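K.L.:
Mind looking at a prediction? Sequence and model below.
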Amino acid sequence: MPADPGRDWVLPDYQGRSILNLVESLARLLGAAPQADVMPLRDGLSLDGERPGKIVLLILDGLGDAYLRTRGGGSRLLAARRGSLTSVFPSTTASAVTTFLTGLAPAVHGLNGWVTRDHLGELILPLPMVAEADGRALVGPFHRRRLFPYRTLFQRLAGESVVVTPSWLIDSTYSRRHNRGAKVLGYERLDELDATIAAALSGCGRGALVHAYYPGFDSLAHDAGIGSEALAAKFARIDAMFGRLADSLADSGVAVVVSADHGLIDAPLAELCLLGAHPEIAAMLSQPLWGERRAAWCVLREGARDEFGAALVDVFGERIDVLDAARVGQLGLLGPGHPHRDIEARIGDLLLLPRGAGTLVNEMHLQSLHPMAAVHGGLSATEMEVPLIVLAN
């Protein structure tokens, strides 16, 4: 099988420069007991030498550091940038936003892609809580508790917490489970986000955390692509919202920390790998791929390992790197901590990582594929590096 060269990979830096470490630093600033397996940020989180009265953590889904640095010239966000962090792996919302909501690495919370595999071997979508094959809702409490058996970040904190999130997300099973320990405020539009954050702050005392989330940059990037004018206009609106928030909190004693779950790269069709177009390869899998187009997990049929690797090279050449489960562990891709009880089922036998800007899907034909102009999930610098933006008022 193709070896893992790592020549252009950015591995998650769980030793002090990842979003996991950012959450741990914030939790400790707010008085939470340290987690033994998770370090704070390597150089500490500078807030002008003072413990803030309140903290806002704003997650801008999909706003990678590369986009901010190359396309954010003159923005308030870029002016407040302190540096960059790595995402977790996979560099995707299901994994990274769960880390932001729990302070746990993917190895511990177990969510390793938009599609994951449960303890029964079924492929599911944990954020909407549906079965991948037929969209069947997963409503049983046992399934929910088995999937999400951990505490949230807000349950660790001594002070108050408020989650500010789009109204349409509030009542999902995933949201209800991961917002435990916090009050929840919804907002309808980006232009309301700064005022909703301000309202959350006004309703809580010193030592509080306001955890805010905006998904619109990511969703538009998927549809329009990284270089689109539509995305540039969206960024300008986000920056204007941030500017209003910054101005309203000047000299308030509130620290504002902004980051993202991942960046995105454009996904050219020329680099798309359609696994289903090669039935001789697909037949070696015991079920379809899961995870992400940029980081796909799989389980092989008994005795197919060597044959699968050879067939993959025959069809796709050196376009896909292959890691077995042991190598995933050796590289520490999923981070520190006691692993989720179902982590072996979540990982399967192999991890497939398309090179360059490549993507890998189960489909046989382009016509049956949901189009995505930009994607994420892999180990490229563009996907893995996210900004660290801090305003200490």
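P.N.:
That came in fine, so what should we check first? Numbers count the residues shown, from 1 in each chain.
K.L.:
What ranges does the stretch 201-350 of the chain have for its strands?
P.N.:
Residue ranges of the strands in the stretch 201-350 of the chain, as given by DSSP state E, counting those that start in this stretch, are 208-214, 254-259, 265-266, 272-274, 290-292, 295-298, 320-324, 350-354.
K.L.:
now stretch 156-175: how far from the chain's centre is it?
P.N.:
Remark: stretch 156-175 is offset 17 Å from the chain centroid, using Cα atoms, centre = their mean, to the nearest Å.
K.L.:
low-confidence ranges in the protein?
P.N.:
Filtered on pLDDT under 70, the chain yields the residue ranges 1-7, 44-51.
K.L.:
distance of the residue of it most remote from its centre from Leu220?
P.N.:
In the chain, Gly303 marks the outermost C-alpha relative to the chain mean, sitting 33.8 Å out by Cα atoms, centre = their mean. Between Gly303 and Leu220 the distance is 45 Å, computed by Cβ to Cβ, to the nearest Å. C-beta here means a position set from N, CA and C on the backbone, and glycine is covered the same way.
K.L.:
cool, Asp118 as well?
P.N.:
According to Cβ to Cβ, Asp118 and Leu220 sit 31 Å apart.
K.L.:
same deal with Glu383?
P.N.:
Distance, Glu383 to Leu220, using Cβ to Cβ: 17 Å.
K.L.:
These two: which is more packed in?
P.N.:
Looking at Glu383 and Leu220 with other Cβ atoms under 10 Å, you find the greater number of neighbours at Glu383, namely 29 against 19.
K.L.:
In stretch 181-198, which residues are buried?
P.N.:
Neighbour counts using 16 or more other Cβ atoms under 10 Å place 182-185, 187, 190, 193-194, 196-198 of stretch 181-198 among the buried residues.
K.L.:
Quick one: residues in contact with that stretch.
P.N.:
Contact partners of stretch 181-198, identified using Cβ atoms under 8 Å, 6 or more residues apart in numbering, comprise 56, 58, 151-157, 160-167, 169-170, 175, 199-200, 203-204, 210-212, 214, 216, 237-238, 241-242, 244-245, 248-249.
K.L.:
Need the buried ones from these selected in ChimeraX.
P.N.:
Remark: buried members of the contacts of stretch 181-198, expressed as a ChimeraX selection using 16+ other Cβ under 10 Å:
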select :56,58,152,153,154,156,157,160,161,162,163,164,165,166,169,175,200,204,210,211,212,214,216,238,241,242,244,245,249
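K.L.:
Quick check: helices, which of the contacts of stretch 181-198 are part of them?
P.N.:
Those of those mapping onto helices are 175, 199-200, 216, 237-238, 241-242, 244-245, 248, per DSSP state H.
K.L.:
ok, of those residues, which one's closest to Pro354?
P.N.:
Closest approach between the ones in helices among the contacts of stretch 181-198 and Pro354, by Cβ to Cβ: Gly216, at 26.7 Å.
K.L.:
rewinding a little: take the ones in helices among the contacts of stretch 181-198 and lay them out in CSV including distance to Met372.
P.N.:
Formatted as CSV, the entries for the ones in helices among the contacts of stretch 181-198 read as follows, by distance: Cβ to Cβ, whole Å:
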residue, distance to Met372
Ser175, 24
Ala199, 35
Ala200, 33
Gly216, 16
Arg237, 22
Ile238, 21
Met241, 26
Phe242, 26
Arg244, 31
Leu245, 30
Ser248, 36
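K.L.:
from those residues, which is closest to Gln287?
P.N.:
Using Cβ to Cβ, Ser175 comes nearest to Gln287 of the ones in helices among the contacts of stretch 181-198, at 28.1 Å.
K.L.:
Surely that closest one touches Trp168?
P.N.:
No: counting by Cβ atoms under 8 Å, Trp168 is not a contact partner of Ser175; they are 9.9 Å apart.
K.L.:
Among the strands of the stretch 201-350 of the chain, single out whichever gets nearest to Asn393.
P.N.:
Taking Cβ to Cβ as the criterion, Asn393 comes closest to strand 254-259 out of the strands of the stretch 201-350 of the chain, the separation being 5.4 Å.
K.L.:
Tell me the helices and strands packed up against the closest one.
P.N.:
Under the contact criterion of 3 or more Cβ pairs under 8 Å, 6 or more residues apart in numbering; DSSP states H and E, strand 254-259 touches helix 19-29, strand 54-60, helix 229-248, strand 385-392.
K.L.:
Looking at these, which is nearest to Ala325?
P.N.:
Between Ala325 and the helices and strands packed on strand 254-259, the shortest separation by Cβ to Cβ is 21.1 Å, and it involves helix 19-29.
K.L.:
who touches the closest one?
P.N.:
12-15, 34-35, 38-42, 44-45, 47, 51-52, 55, 57, 85-88, 96, 99-100, 103-105, 153, 156-157, 209, 257, 259, 261, 335, 386, 388.
K.L.:
starting at the chain centroid, how far to that helix?
P.N.:
Remark: helix 19-29 is offset 16 Å from the chain centroid, using Cα atoms, centre = their mean.
K.L.:
Now do that helix against strand 54-60, angle only.
P.N.:
160 degrees (axes from the mean of the first three to the mean of the last three Cα atoms, to 10 degrees).
K.L.:
wouldn't His211 be in contact with Leu157 here?
P.N.:
No: look at His211 against Leu157 with Cβ under 8 Å: they stay out of range, at 10.2 Å.
K.L.:
and the end-to-end length of stretch 326-344?
P.N.:
The distance separating the two terminal residues of stretch 326-344, taken as Cα to Cα, to the nearest Å, comes to 10 Å.
K.L.:
Tell me which residues are up against it.
P.N.:
Residues from elsewhere that reach stretch 326-344 (Cβ under 8 Å, 6+ apart): 4, 11-12, 14, 18, 20, 35, 37-38, 88-89, 104-110, 112, 118-119, 146, 149, 323, 325, 346-347, 351.
K.L.:
What residues of it count as buried?
P.N.:
Going through stretch 326-344 with 16+ other Cβ under 10 Å, the ones that come out buried are 328, 331-337, 339-340, 342-343.
K.L.:
Looking at those residues, which two lie furthest apart in space?
P.N.:
Spatial extent of the buried residues of stretch 326-344 (Cβ to Cβ) is set by the pair Leu331 and Asp342 at 20.4 Å.
K.L.:
Perfect, I'm done here.
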